[in-house]
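K.L.:
no sequence on this one, just coordinates:
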Ligand code: NAD
């Protein structure tokens, strides 16, 4: 018996980075896992890859129903899909604000709404949202991204209050800068990617980036029956960044 034996999990944005590490970690603990992603082509077995755009309600509903049918229900929902934006309030046009808030915030609402009927039938129902230290720290050049993650934090607390009486727990993780393809793409865009990576590592209290597996381990804990009394909380996995 492993910690998540018999439990069924859905992970959005699970084809890359933190989502893929989480899907693998959930499976390693005995869960059966469906990954919802814009591009699920590379999702390794035994994970089930399903195409879904969290920015589109019809797409989300179809994929969540397909996942529930394939898995035989849903106990764990990991709302992880997210996109970034660089700039101050002067830099991002309205359309970009609408797009990032729609994917990062309303995307979680859509997936949760579709999964709730299934979660209500589970004896171990749990939602974990991937938030960010940007929810509470003012990161320079990330006004839109921080605003979206601030909303994710508030949404997590409100959802936890709304659904605690029906036995559905809702928590979030707040990663610091994590070593994922997302960050690799940002570094690749720098004039000197290696120097930029070294500078980024040096800015971390631990002297290195957080790993996707470390964030995944926190998500697995929050989703597991071991956290049965934990709801409405944000677990920082940030190498000490938030304390600075
Ligand atoms: P990533 O780019 O490696 O992976 C994101 C995945 O989400 C991709 O597979 C992508 O296809 C998918 N995705 C994007 N938009 C989607 C949509 N509309 N519908 C469905 N899937 C979609 O990124 P990551 O670094 O693993 O980030 C995952 C989450 O962690 C995001 O919510 C991000 O905000 C959060 N986060 C990341 C960091 C970091 O430093 N990497 C830090 C804090 C929080």
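P.N.:
On my side now, so go ahead. Bear in mind the structure is a predicted one, so any value in this text is a computation, not a measurement.
K.L.:
ok, and what's touching the host helix or strand of residue 183?
P.N.:
Using DSSP states H and E, residue 183 sits within helix 181-188. Around helix 181-188, the neighbours that count as contacts under Cβ atoms under 8 Å, 6 or more residues apart in numbering are 16-17, 84, 177, 193, 196-197, 200, 209. C-beta coordinates here come from the backbone N, C-alpha and C atoms, glycine included.
K.L.:
Same question for stretch 107-120.
P.N.:
Contacts of stretch 107-120 (Cβ under 8 Å, 6+ apart): 10, 12, 36, 54-55, 57, 60-61, 64-65, 68, 73-75, 77, 79, 81-82, 125-127, 129, 152, 155, 159, 163, 166, 168.
K.L.:
what's the burial count for the residue lying closest to residue 166 once chain neighbours are set aside?
P.N.:
Nearest residue to residue 166, sequence neighbours excluded (Cβ to Cβ, 6 or more residues apart in numbering): residue 120, at 6.1 Å. If you count neighbours by other Cβ atoms under 10 Å, residue 120 ends up with 13.
K.L.:
What of residue 81?
P.N.:
26.
K.L.:
swap in residue 139?
P.N.:
Neighbours of residue 139 under the rule other Cβ under 10 Å: 15.
K.L.:
now swap in residue 97 and tell me
P.N.:
As a burial measure, residue 97 scores 16 neighbours (other Cβ under 10 Å).
K.L.:
And residue 36, by the same measure?
P.N.:
By other Cβ under 10 Å, 33 other residues sit near residue 36.
K.L.:
near the ligand, which residues of this structure show up?
P.N.:
Applying Cβ under 6 Å from any ligand atom, we find that the chain lies next to the ligand at 12-13, 15-19, 37-39, 52-55, 80-83, 103, 130, 132, 175, 177-178, 180-183.
K.L.:
What segments of this structure are helices?
P.N.:
For the chain, helices defined by DSSP state H occupy the ranges 17-28, 57-71, 94-101, 107-119, 143-163, 181-188, 193-203, 212-223.
K.L.:
Buried ones in the fourth one, by neighbour count?
P.N.:
Read that as helix 107-119. For helix 107-119, a neighbour-count test (16 or more other Cβ atoms under 10 Å) marks 107-112, 114-116, 118-119 as buried.
K.L.:
quick one on the thing from earlier: distance from the helix holding residue 183 to the middle of the chain?
P.N.:
Between the mean C-alpha location of helix 181-188 and the chain-wide mean there is a distance of 18 Å, by Cα atoms, centre = their mean, to the nearest Å.
K.L.:
Tell me, what's the model's pLDDT at the most centrally placed residue in the chain?
P.N.:
By Cα atoms, centre = their mean, the mean C-alpha position of the chain lies nearest to residue 80, the distance being 2.1 Å. Here the pLDDT value assigned to residue 80 is 98.
K.L.:
got the contact list for it?
P.N.:
By Cβ under 8 Å, 6+ apart, the neighbours of residue 80 are 11-14, 18-19, 22, 129-130, 219.
K.L.:
at 7 Å instead, please
P.N.:
11-14, 18-19, 22, 130 (Cβ atoms under 7 Å, 6 or more residues apart in numbering).
K.L.:
rewinding a little: which of the residues of the chain next to the ligand count as buried?
P.N.:
Taking 16+ other Cβ under 10 Å as the criterion, what is buried in those is 12-13, 15-19, 37-38, 52-55, 80-83, 103, 130, 132, 175, 177-178, 180, 182-183.
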